[in-house]
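In: need a 3D model of the following:
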Amino acid sequence: MAGATLAAPVVARADIVYSGLININLPSTTAGVYINFVTGVTGTTPGAVPGWDLNPWGTTALNIWANNPAAC
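Out: Have a look, this model is predicted:
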């Protein structure tokens, strides 16, 4: 007897979580600052911020690099 399983619809939640005012200095360098959104850790090297998510950087213009661990 073959059975079929119907998947229940997935509900996405997009709640806003306010963490208060946070000031992060963005240095005008090619390294920029690495940010981990889950832990709130920031640093100027990727080794200082395990699992970093975003790296805004730039000396004359703002550039942004997003970490893609799936590609590693």
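
In: buried set for stretch 57-72?
Out: Residues of stretch 57-72 classed as buried: Trp57, Asn67 (neighbour count, 16 or more other Cβ atoms under 10 Å). For the C-beta atoms, the positions are set from N, CA and C on the backbone; glycine is no exception.

In: who touches it?
Out: Residues outside stretch 57-72 that contact it (Cβ atoms under 8 Å, 6 or more residues apart in numbering) are 26, 28-33, 51-56.

In: now do stretch 19-29: distance to the chain's middle.
Out: Here stretch 19-29 shows a centroid-to-chain-centroid distance of 14 Å under the convention Cα atoms, centre = their mean, to the nearest Å.

In: stretch 9-16 now?
Out: Averaging C-alpha positions (Cα atoms, centre = their mean) puts stretch 9-16 18 Å from its chain's average.

In: next one: stretch 28-44
Out: On the basis of Cα atoms, centre = their mean, stretch 28-44 is displaced by 10 Å from the centre of the chain it belongs to.

In: mind listing what's buried in it?
Out: Neighbour counts over stretch 28-44 (16+ other Cβ under 10 Å) mark Gly32, Val33, Tyr34, Ile35, Asn36, Thr42 as buried.
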